[in-house]
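Undergrad: Kindly return the folded structure for what I paste below:
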Amino acid sequence: MRRRAFPAALTLAVGLFGLVAVTPPAQAAACGDQVIGNAGFEDAGTWTGSTAAIVASTTAEPSHGGARLARLDGTGATHTDTLSQSVTLPGGCSSASLTFWSHIDTKETTTSTKYDTLAVQIGSDTVASYSNLDKNTGYVQRTVDVSRYLGQTVTLSLTGREDSSLATNFALDDFALTTGTGGPPPTDTTRTPINPAYTVNLTSNAAGDTWTGHQSVTFTNGSATALPEVYLRLWDNYHGSCPTTPITVTNLTGGTASALTVGCTAMKVTLPTPLAQNQSATIAFDLSISVPSGADRFGKDGAFSMIGNALPVLAVRDGSGWHLDPYTNNGESFYTVIGDFDVTLVHPTSLLTPATGTSTETTSGSTTTTHAVASKVRDFAWAAGPFAKITKTSGKGVRVNVYSVSGISSSNATSMLNLAADAVDVHSGRFGDYPYGELDAVIDNNFWFGGMEYPGFVMDLVSTVALPHEIAHQWFYGIVGDDEYNSPWLDEGFTDYATDLYRGVTGAGCSISWQSSAEKLTNSMAYWDAHSSRYSTVVYNYGKCTLHDLQRLIGDTAMTTLLKSYAQSHWYGVSTVAEFKAAAQAAAGSTDLTSFWTSHRVEG
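TA: Alright, predicted model coming up:
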């Protein structure tokens, strides 16, 4: 996905605290303990920094519990408040979770710009971030999985940063950083659950912006480690005010649902009995989807609804444990394994529904049933609206459909159709044939983000650069998967490089200039969300420049072979930075790439 870089003035607070070496307390915390001191701000101790921000509860700004709270910013002028403390997380625990309650109110009126920000950091990592856009009524509980810090002493810090006008209050209370009581997370690196098969039946309202129905998913534990639970990711709940959410799961069967966590984007489902390796189970639930206003990957632009990431999908457990990273609006968090989708959409005949997979339509009176089937894909997306549709078949036999919103000229739509058909064929020749048979492109010049990729389905502007980029994502993210939150370079850098290859751009003018010692090509979205003005420059531009430089180093023939063999060896799988580095070194032969990776800051 291409996200426009935000101005430097809007970047989230930069982490000032790294790992710290301190003498642990005489009695070290044990698994199951809560390790934050003065977690409810009931006295002035433990926290350092802007301790004047720890205030008494008032009628205007009550605490969540007790007599005091932390109230950051709210001055209506350029201002920064910080609170921090050192915490030690015991090692050998099953998990670690940071929870707290927040109430954000603001006098800002914008619905799109983050003028005032709050960053929650552990060490130099921003693990959660909020802004004036996250205003809410009353307190909302926030939960962040921080298991990766087990066994470390780190600094927990809160940084509220306010611009020159219009106040935003960040009220915080009742923190807890609690570790699980069980043994350590599984060391088995097998990704699980595997082979998810999703069956979905939904019916829309007249406008196509509300969908209700039922979903089920059958899955298998591919790991030798038992699977006692699964997690559903309800990604689009980021777009609501938790706990008031646009995606609602009710009446779940096949397990016991827990309360939503991670900003209401994760639901733990405890299975009746743990699944042994190769055992399967099914969970099912009623589903409601309400599309918010705004031309977004999940949003409504007038009569046209874009419905990306709306279907709940299973999270992944691997050697690092469960991946429950937060939603990022700057890029993607969508780490999933290959699965199958069978989706039935019942809607007014006046609405067209471009969708992932191959669709057939049956019409009865004023109602149409769209049946979309997609095999070996990572997600499912669709749109609904009175689109104008044109179709052609590419030279390699891929059916390409362009759906245009109002205001897109027929000449621009035709140009995008021809471009999409050509790009899917050229990318097929370079990485391996496109396997899905059909590709839908929804064109809307109001997309603030540029474009967005889903399997067999892309959203884009009228652009000769962005569309080949999003189509290249069919291979890098779609066919060759990656952990998009922790390794965004593996799809964004690769697709920008593929776009250059498609357009005949050699990257001869590439120049990489690192801004800090902490800046690395392989940083996660936690880093880029805290340094958003550098995200596009590094991940996209430096990412493709790194691949251009690699091509110049090992030669055109070796690079061409590397790209196809790398894609083929990870076809329908998930790749890592280490695996790409190993493949590149094999292609480079006697040329040692160690110094190349160091200079280009490719770590992993």
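Undergrad: Show me where the stretch 151-300 of the chain has its strands.
TA: For the stretch 151-300 of the chain, strands defined by DSSP state E, counting those that start in this stretch occupy the ranges 153-162, 168-179, 194-204, 210-220, 227-233, 247-253, 256-257, 266-275, 280-290, 298-301.
Undergrad: likewise the stretch 301-450 of the chain?
TA: 304-307, 313-314, 317-318, 321-322, 339-348, 358-364, 367-377, 382-384, 388-393, 399-404, 438-443.
Undergrad: State the phi and psi torsions of the closest residue in space to Ser415 that isn't next to it in sequence.
TA: Using Cβ to Cβ, 6 or more residues apart in numbering and skipping residues adjacent in sequence, the residue nearest Ser415 is Val462, 7.5 Å away. All C-beta spots, glycine's among them, are computed from the backbone N, C-alpha and C. Phi and psi for Val462, reported as degrees, to the nearest 10, are phi -80, psi 100.
Undergrad: Same check on the one 4 residues further on?
TA: Main-chain dihedrals, Ala466, degrees, to the nearest 10: phi -70, psi -40.
Undergrad: give me the number of residues near it?
TA: Residues near Ala466, counting by other Cβ atoms under 10 Å, number 21.
Undergrad: Roughly how far does it sit from Gly507?
TA: 18 Å (Cβ to Cβ, to the nearest Å).
Undergrad: which parts of the top helix by length along the chain are buried?
TA: Longest helix in the chain, counting residues (DSSP state H): helix 410-431. Across helix 410-431, burial judged by 16 or more other Cβ atoms under 10 Å covers 412-413, 415-417, 419-428, 430-431.
Undergrad: what's the closest non-adjacent residue to Ala421?
TA: Ala421 sits nearest to Ser394 (Cβ to Cβ, 6+ apart), 4.0 Å away.
Undergrad: hang on, the earlier thing: the longest helix of the chain vs strand 438-443, what angle?
TA: Going by axes from the mean of the first three to the mean of the last three Cα atoms, to 10 degrees, helix 410-431 is angled at 140 degrees with respect to strand 438-443.
Undergrad: got the contact list for the residue nearest to the spatial centre of the chain?
TA: For the chain, Ser333 is the residue whose C-alpha lies nearest the centre (Cα atoms, centre = their mean; 1.8 Å). Ser333 makes contact with Trp235, Asp325, Pro326, Tyr327, Glu484, Tyr485, Met525, according to Cβ atoms under 8 Å, 6 or more residues apart in numbering.
Undergrad: do the same with Pro455
TA: Thr356, Gly357, Ala374, Val377, Arg378, Asp379, Phe380, Ala381, Tyr436, Gln474, Gly478.
Undergrad: same thing with Thr109?
TA: Residues near Thr109 by Cβ under 8 Å, 6+ apart: Leu166.
Undergrad: Wait, a strand at it?
TA: No: according to DSSP: H, G, I helix; E, B strand; the rest coil, Thr109 belongs to no strand; its state is coil.
Undergrad: quick one: least confident helix or strand in the chain?
TA: strand 140-145 (a mean of 79; mean pLDDT, DSSP states H and E).
Undergrad: what residues does it touch?
TA: 95-103, 120, 127-128, 241-243, 261-263, 266, 321-322, 324-326.
Undergrad: Among those, name the buried ones.
TA: Of the contacts of strand 140-145, these count as buried by 16+ other Cβ under 10 Å: 95-103, 120, 127-128, 241-242, 261-263, 266, 321-322, 324-326.
Undergrad: circling back to that earlier point, which positions in the least confident helix or strand of the chain come out as buried?
TA: Neighbour-count burial for strand 140-145 flags Val140, Gln141, Arg142, Thr143, Val144, Asp145 (criterion: 16+ other Cβ under 10 Å).
Undergrad: Name the nearest residue to the fourth one, ignoring sequence neighbours.
TA: Distance criterion Cβ to Cβ, 6+ apart; nearest residue to Thr143, sequence neighbours excluded, is Thr261 at 3.8 Å.
Undergrad: Can you spell out which helices and strands pack onto the helix or strand harbouring Ala584?
TA: Applying DSSP states H and E as the criterion places Ala584 in helix 577-588. Judged by 3 or more Cβ pairs under 8 Å, 6 or more residues apart in numbering; DSSP states H and E, the packing partners of helix 577-588 are helix 489-503, helix 543-554, helix 556-569.
Undergrad: please redo it, this time with the cut-off set to 6 Å
TA: When contacts are defined as 3 or more Cβ pairs under 6 Å, 6 or more residues apart in numbering; DSSP states H and E, helix 577-588 packs onto helix 556-569.
Undergrad: what residues does the helix it packs on touch?
TA: Phe431, Gly432, Trp475, Val480, Gln551, Ala583, Ala587 (Cβ atoms under 6 Å, 6 or more residues apart in numbering).
Undergrad: now the third one: how far from Val426?
TA: Taking Cβ to Cβ as the criterion, Trp475 is separated from Val426 by 12 Å.
Undergrad: likewise the second one?
TA: Gly432 is 12 Å from Val426, where distance means Cβ to Cβ.
Undergrad: need the contact list for Ala315.
TA: Tyr231, Arg233, Trp322, His323.
Undergrad: do the same with Ala381
TA: Gly308, Thr356, Tyr454, Phe457.
Undergrad: Show me which pair in these is furthest apart.
TA: Farthest apart among the contacts of Ala381 by Cβ to Cβ are Gly308 and Thr356. That separation is 9.7 Å.
Undergrad: ends of stretch 525-540, how far apart?
TA: Taking Cα to Cα, to the nearest Å, stretch 525-540 runs 13 Å from one end to the other.
Undergrad: Surely Asn132 is in contact with Thr111?
TA: No: using Cβ atoms under 6 Å, Asn132 makes no contact with Thr111, being 9.9 Å away.
Undergrad: who has more neighbours, those two?
TA: For Asn132 versus Thr111, the count of surrounding residues by other Cβ under 10 Å is larger for Asn132: 27 against 9.
Undergrad: For that one, give me the pLDDT.
TA: On pLDDT, Asn132 comes in at 90.
Undergrad: next one: Ala8
TA: Reported pLDDT for Ala8: 30.
Undergrad: which residues of this structure score low on pLDDT?
TA: 1-28, 181-188 (pLDDT under 70).
Undergrad: what sits against Glu42?
TA: Contact partners of Glu42, counting by Cβ under 6 Å, 6+ apart, are Gly66, Arg68.
Undergrad: Just to be sure, it is in a strand?
TA: No: read with three-state DSSP, Glu42 is coil and lies in no strand.
Undergrad: Distance check, it against Thr189.
TA: Separation of Glu42 from Thr189 (Cβ to Cβ): 43 Å.
Undergrad: Next, count neighbours for Val222.
TA: Small correction: residue 222 is Gly, not Val. 18.
Undergrad: ok, it touching Thr190?
TA: Yes: if you go by Cβ under 6 Å, Gly222 and Thr190 touch, sitting 5.5 Å apart.
Undergrad: measure the closest residue to Ser131 other than its chain neighbours to Cys31 for me?
TA: Nearest non-adjacent residue to Ser131, counting by Cβ to Cβ, 6+ apart: Lys114, 3.7 Å away. Distance, Lys114 to Cys31, using Cβ to Cβ: 37 Å.
Undergrad: out of these two, which sits in the more crowded spot?
TA: The residue with more neighbours, out of Lys114 and Cys31, is Lys114; 23 against 20, by other Cβ under 10 Å.
Undergrad: just to confirm, which helix or strand has that one in it?
TA: Going by DSSP H and E, Lys114 is not in any helix or strand.
Undergrad: Looks like it contacts Tyr130 (just checking).
TA: No: with contact defined as Cβ under 6 Å, Lys114 does not reach Tyr130; the gap is 9.0 Å.
Undergrad: Out of the contacts of Ala315, which comes closest to Leu271?
TA: Sorting the contacts of Ala315 by how near they are to Leu271, with Cβ to Cβ, puts Tyr231 at the top with 11.5 Å.
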